[in-house]
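Chemist: build me a structure from this.
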Amino acid sequence: MFSSSLGKKYLMALTGIVLIGFVFVHMAGNLQVLLGQDKINAYAHALQSLPMPILWGSRLFLLVCVILHAWTAIVLIRENRAARPQGNDVEVTKRAGLSSLKMGLSGTILLFFIVFHLLHFTIRTVYPEYNDMMTTVGAPEGEEVHDVYTMVLAGFQHIWVSVFYIVAMFLLCGHLSHGFSSVFQSLGIRSDSWRVKIELGAKAYAWVIFLGFSIIPILVLGQKLDFISFFEPSLFSDSLAVR
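Modeler: Predicted coordinates:
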């Protein structure tokens, strides 16, 4: 089934649904930074304390979905180009916005961002000193846990990191806007009567994701540059900021 173009579109749509749902859950978890150190540290510790089969099973499942989603996109692009090796003298597109025309480019940049994001905050090889950030705030029974709150604030104090993060989220917004709508078309459940409503819903969802992910680096940058005051001033001292 998945050797055909139609099968690949089904596979891309199904993995897209998984990833669309994941980014919302991930965004909701990240936003707990706004609730304070206790909340986000307790949430992060709870995730890390999940049974190994659940924790690593979900990680591997998401990794497989990302790989399959990227692979089917590359294969479909190549098949489309092979089917029309000679481009038209005049290109006319209907209903295709900038996001849909640049899905391959935005997807490639987002793939690089995912790798960087994992190395930055999850594996913590970009700034290894993040591994030493420990605290009892948000920890069950007073034990020490990783201080995710301080790590996130320290990470986004690097202007280049925050700018890269916000740009990547803008690209994700465009990718989601087109991808969310395309899922219905690929699965054959988008009719002309529902097309406009689905596209509006897709755009609304994409902008919610963009704002939800971008608000934290924006607030951190604003406080660092002294035009927004939200977090504790002591968290922005020279002793904390990682140079």
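Chemist: where does pLDDT dip in this structure?
Modeler: Along the chain, the model assigns pLDDT under 70 to residues 1-2, 84-101, 190-191, 237-243.
Chemist: quick one: the helices in it, in order.
Modeler: Along the chain, counting by DSSP state H, helices occupy 5-30, 37-48, 52-83, 98-101, 103-117, 148-156, 159-186, 192-224.
Chemist: just tell me which of those helices ends up closest to residue 127.
Modeler: helix 148-156 (7.1 Å; C-beta to C-beta). Quick note: C-beta positions are derived from backbone N, CA and C, even for glycine.
Chemist: could you check how far that closest one is from the centre of its chain?
Modeler: 17 Å (C-alpha atoms, centre = their mean, to the nearest Å).
Chemist: in terms of secondary structure, what does it contact?
Modeler: Under the contact criterion of 3 or more C-beta pairs under 8 Å, 6 or more residues apart in numbering; DSSP states H and E, helix 148-156 touches helix 37-48, helix 159-186, helix 192-224.
Chemist: if we can go back for a sec, with distance to residue 141 and mean neighbour count added, can I get the helices of the chain in CSV?
Modeler: Below are those laid out as CSV (distance: least, C-beta to C-beta, whole Å; neighbours: other C-beta atoms under 10 Å):
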stretch, distance to residue 141, mean neighbour count
helix 5-30, 22, 16
helix 37-48, 11, 17
helix 52-83, 21, 13
helix 98-101, 48, 14
helix 103-117, 31, 15
helix 148-156, 18, 22
helix 159-186, 34, 19
helix 192-224, 28, 17
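Chemist: dump the ones you listed into a markdown table; add distance to residue 125 as well.
Modeler: Shown next, in a markdown table, are the helices of the chain (distance: least, C-beta to C-beta, whole Å):
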| stretch | distance to residue 125 |
| --- | --- |
| helix 5-30 | 20 |
| helix 37-48 | 17 |
| helix 52-83 | 17 |
| helix 98-101 | 32 |
| helix 103-117 | 10 |
| helix 148-156 | 13 |
| helix 159-186 | 14 |
| helix 192-224 | 20 |
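Chemist: no further queries at this time; thank you.
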